[in-house]
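Asks: sequence and predicted structure below; questions after.
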Amino acid sequence: MKFELQYTDSKSNARAGLITTDHGQIQTPIFMPVGTVGSVKAVHLHELKEDIKAQIILGNTYHLYLRPGLDVLEQAGGLHKFNGFDRPMLTDSGGFQVFSLTGIRKMREEGVEFQSHIDGSRHMFTPERVIDIERTIGADIMMAFDECTPGTAEYKYAKESMERTHRWLDRCWKRFQETEPKYGYSQALFPIVQGCIYPDLRRQSAEYIASKEADGNAIGGLAVGEPTEKMYEMIELTNEILPKDKPRYLMGVGTPMNILEAIERGVDMFDCVMPTRNGRNGMLFTKNGIMNMKNKKWENDFSPIEEDGDSYVDTAYSKAYLRHLFHAQELLAMQIASIHNLSFYLWLVGEARKHIIEGDYTSWKATMMKRVSTRL
């Protein structure tokens, strides 16, 4: 994997770059649709590629390990061959999912023992095992196994958790160096910065992660219960330390406003379930604000979902029709809303890139923040 930093905004830390993988190039800043079990919910492959124009998607190690399982994925030739997405893919390490299984997991230095949420069967994730699983899944970018500390964690626990994450990273790094990709193309490994909301821990973690000189770096443990301003503070602090010539990935974030703020602070890559999850429940993100498509106010509104007919949406559908589909509990409602929201997110980061290149990101962002946060 290669990263070329192409432009930097003169009034902020916003960046535009180019990531090159064996499955294609990714223009940054970029949003990655979440394909948890190898599919982006309610979205066909051709819609993902042609309508949404996804340059990279994310898969989940925990879920893919449980279903369909490693044997199926290896027989298929990896996740790219299994789901047909021939562009870059990233896999998280499953750390967030495992640590969210409160009550059905046991953590120790070796790793984490957990019960499947599907059938209660017992499994063990160690740093070495996770690297082996991600090799089998075959994503272009793999994440190191970490502990995702809650945003409300006390200092003592946050410090112990961060130090454990660093020890696990050493084991991940060793296993990564000892093993080879399985399917004839290269894979990169990103370590993850932790440290909760404590500046000294975030600095320490960022320095440790930077010392690995990996192809890219991730910022984890944010948008997990901490105040939004604390999140922005930790992003800014961390990016002062992480190398400028490597991509920076903010995990699991977030709202359009979060993304614009994080881009201004030097983040290059994002993922979040919000556009699809909220979309399936009737919430649409647009360049003029947020709409609840179940509200009665749209019942007789026959105008397009996006008034200006932007190229990122299909203007064939009216607000009234989409409201009707949601109230009729038609599956098409979830499909239309998911495609719309993902298209908007990709449009938003694309516009951010354009304005970084044009040199007016800060002023454009100020205008967009007001627009995208409006409740329509």
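Replies: It's in.

Asks: ok, which stretches of the stretch 101-250 of the chain are strands?
Replies: Here the stretch 101-250 of the chain has its strands, by DSSP state E, counting those that start in this stretch, at 105-108, 111-115, 122-125, 141-143, 188-190, 192-193, 217-219, 248-250.

Asks: residues in contact with the longest one: which ones?
Replies: The one in question is strand 111-115. For strand 111-115, the surrounding residues in contact (Cβ atoms under 8 Å, 6 or more residues apart in numbering) are 98-99, 101, 104-107, 121-127, 129, 145, 168. The C-beta positions use only the backbone N, C-alpha and C, and glycine is treated the same way.

Asks: which among these count as buried?
Replies: Buried members of these, scored by 16 or more other Cβ atoms under 10 Å, are 98-99, 105, 125-127, 129, 145, 168.

Asks: and stretch 6-17, average pLDDT?
Replies: Stretch 6-17 shows a mean pLDDT of 97.

Asks: mind listing what's buried along the lengthiest helix in the chain?
Replies: Selection of the longest helix in the chain by residue count, based on DSSP state H, yields helix 331-358. For helix 331-358, burial by neighbour count (16+ other Cβ under 10 Å) applies to 333-353, 355-356.

Asks: and the helix or strand of the chain with the lowest mean pLDDT, what does it pack onto?
Replies: In the chain, no helix or strand scores lower on mean pLDDT, DSSP states H and E than helix 95-99, which sits at a mean of 74. Applying 3 or more Cβ pairs under 8 Å, 6 or more residues apart in numbering; DSSP states H and E, one finds that helix 95-99 contacts helix 61-66, strand 105-108, strand 111-115.

Asks: now these in CSV, with mean pLDDT and distance to residue 316?
Replies: Conversion of those to CSV gives the following (pLDDT from 0 to 100; distance: least, Cβ to Cβ, whole Å):
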stretch, mean pLDDT, distance to residue 316
helix 61-66, 96, 33
strand 105-108, 86, 46
strand 111-115, 91, 45
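
Asks: most neighbours per residue, which of the ones you listed?
Replies: When you average the neighbours per residue for each of the helices and strands packed on helix 95-99 (mean count of other Cβ atoms under 10 Å), helix 61-66 leads with a mean of 23.

Asks: which other residues reach that helix?
Replies: For helix 61-66, the external contacting residues (Cβ under 8 Å, 6+ apart) are 36-38, 73, 79, 91-94, 97-98, 116-118, 123, 125, 130, 133-134, 137, 143.

Asks: I'd guessed residue 293 sits against residue 324; true?
Replies: No - if you go by Cβ atoms under 8 Å, residue 293 and residue 324 don't touch, sitting 9.6 Å apart.
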